[in-house]
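>>> Okay, predicted coordinates and the sequence, questions at the end:
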Amino acid sequence: MSTTLFDLSGKIALVTGASRGIGQAIAELLAQQGAHVIVSSRKQEGCQTVADSIVAAGHSAEAHACHIGDMAQIQTIIQHIRDTHGRLDILVNNAATNPYFGHILDTPVEAFDKTIDVNMRGYFYMSVAAGKLMREQGGGAIVNTASINGLRPGAMQGIYSITKAAVISMTKSFALECAPHNIRVNALLPGLTKTKFAGALFHDGIYEEVVKQIPMKRHAEPQEMAGTVLYLVSDAASYVTGETVVVDGGMTL
């Protein structure tokens, strides 16, 4: 197979939650394949560090902070992209929050609201804003980072799991209605991945129990998620939309 299928030269990509973990790995790989990557997360400093490292490696990137739980910030970053680049070819909705780890009956209202605002409303309206720009230009690709928790709820992760199930449904809804505009929408469903975000699952006792459920008997590294996203946003996946790709070492088998 020709490697040109994965060539993203000339593409403009926005990756949210890209200052570390899976988002950083995605941003770095898309840039390596030729895309100009807008590295986004809540704090400009973290975004700038990642963007600088991409540029230092000989690729193209810029940093632009955006808290996707804030509607005004979503509009600001999309307007910046419109004014600066005139197009957006790729959106990776990766920013997420999981402020509560505990029994579902004890879920604080504040944690519920924050999780909904970022993981559901943020993904939805970032997709709307980016999708409108993609519709104008004749197409694009969106990838949402969901989770295997959206298929099988994680213990002590009730509201987080609920929002990730919603992201799976959201992916299919956007795919259905945006396909006539040549906008493909798919989702990545990571399993246990070594990130700061998943830190609660790497404590003694919890980690051992989780790994027992994984046929490959290990966790993933962030870089092992990035290749699936590259496929989904590339020409190699030109006829793929509405799909949810599980990358979990066999955990959900």
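Thanks, I have it.
>>> just the helices in the stretch 1-150 of the chain please.
Under the criterion DSSP state H, counting those that start in this stretch, the stretch 1-150 of the chain contains helices at 21-32, 44-56, 71-85, 109-116, 123-137.
>>> After the lowest-mean-pLDDT helix or strand in the chain, heading C-terminal, what element do we hit next?
The least trusted helix or strand in the chain, going by mean pLDDT, DSSP states H and E, turns out to be helix 206-211, with a mean of 79. Scanning the chain past helix 206-211 towards its C-terminal end, the next helix or strand to appear is helix 223-233 (assignment: DSSP states H and E).
>>> Return the distance of that next one from the chain's centre.
The gap between where helix 223-233 is centred and where its chain is centred comes out at 10 Å by Cα atoms, centre = their mean, to the nearest Å.
>>> Direction-wise, compare the longest strand along the chain with helix 123-137 and give the angle.
For the chain, the strand reaching the highest residue count under DSSP state E is reported as strand 183-190. For the pair strand 183-190 and helix 123-137, the angle between their directions (axes from the mean of the first three to the mean of the last three Cα atoms, to 10 degrees) equals 150 degrees.
>>> Next, the buried residues of stretch 213-226.
Across stretch 213-226, burial judged by 16 or more other Cβ atoms under 10 Å covers 213-214, 219-220, 222, 224-226. C-betas here are computed from N, CA, C, even on glycine.
>>> what's next to stretch 99-117, contact-wise?
The set of residues external to stretch 99-117 that reach it, using Cβ atoms under 8 Å, 6 or more residues apart in numbering, is 69, 97-98, 156-160, 163, 200.
>>> Now, of those residues, which are buried?
With neighbours counted using 16+ other Cβ under 10 Å, the contacts of stretch 99-117 contain these buried positions: 69, 97-98, 156-160, 163.
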